[in-house]
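Colleague: my questions concern the predicted model and sequence given below.
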Amino acid sequence: MSTKCPKCNCNDRIQKLSSIYDAGRVTGKMTGNSVHFTGKKIYNSINVSTVTMESSLASRLQPPTPPGSELRIWYFLPIINITMLFAPIDVKYKISIGFCLCLLLSYQFIFIGTIASYGIYYMLAIKEARAKIIREQMPDYMAKRKEWENSYYCHRDDIIFLA
């Protein structure tokens, strides 16, 4: 039994969604050469990037997004050098430089330790939240994925249908 389009009742212009998606994506490396002139010296550099290109049809017919992949959170832990904030202390209050450096280093260690521990706690909390979302959404995703894998596209009528 062959699969036919429900609109035109033909089978000569139908294709599985997964086949269209796989055929419409190309991944490769792109190399570029750049030259910089600073006035005295010329610098030459080669840039290599991995690029994925896809057709507009493949982009429209892509598979469902797995749960948790939409949570793209970048972790930025700002490390601020507070030495510059306390540098005027030595001049204004005539404190010895050794004492000032010890004080500044201890403040920096406390500051960096606090930021690092908050960052670790934050990353663990996000990891647990992501795991919970994945557990809750996985059955729905699997059903959508199975439906996508069993779907066809008619190029003549521009429709998607289940076989």
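Modeller: Perfect, thanks for sending it.
Colleague: after the longest helix along the chain, next one along is what?
Modeller: Counting residues, the longest helix found in the chain (DSSP state H) is helix 97-149. Next helix or strand after helix 97-149 toward the C-terminus (DSSP states H and E): strand 151-154.
Colleague: model confidence over that following strand, on average?
Modeller: Taken as a whole, strand 151-154 has an average pLDDT of 94.
Colleague: list the strands paired with that strand, with their directions.
Modeller: strand 14-16 (antiparallel), strand 159-162 (antiparallel) (DSSP bridges).
Colleague: output it as PDB, nothing but the C-alphas.
Modeller: The C-alpha trace of strand 151-154 is given here as PDB (Å, rounded to 0.1, in the frame of the first residue of the first chain):
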ATOM      1  CA  SER A 151       4.500  12.400   8.700                       C
ATOM      2  CA  TYR A 152       4.800  13.100   5.000                       C
ATOM      3  CA  TYR A 153       4.900  16.300   3.000                       C
ATOM      4  CA  CYS A 154       3.300  16.800  -0.400                       C
END
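Colleague: ok now that strand, how far from the chain's centre?
Modeller: In terms of C-alpha atoms, centre = their mean, to the nearest Å, the centre of strand 151-154 is set 30 Å apart from its chain centre.
Colleague: and what of stretch 140-159?
Modeller: 26 Å.
Colleague: contacts for it?
Modeller: Stretch 140-159 is contacted by residues 3, 5-8, 10, 13-18, 20, 61, 63-64, 66-67, 160-163 when judged by C-beta atoms under 8 Å, 6 or more residues apart in numbering. (C-beta placed from N, C-alpha, C; glycine too.)
Colleague: now list the buried members of the residues you listed.
Modeller: Neighbour-count burial (16 or more other C-beta atoms under 10 Å) applied to these gives 5, 14, 16, 17, 20, 61, 67, 161.
Colleague: for residue 43, which three-state class applies?
Modeller: Put simply, residue 43 is strand when judged by DSSP: H, G, I helix; E, B strand; the rest coil.
Colleague: thought it was touching residue 36?
Modeller: Yes - proximity of residue 43 to residue 36 meets the contact threshold set by C-beta atoms under 8 Å, at 4.4 Å.
Colleague: great, nothing more from me.
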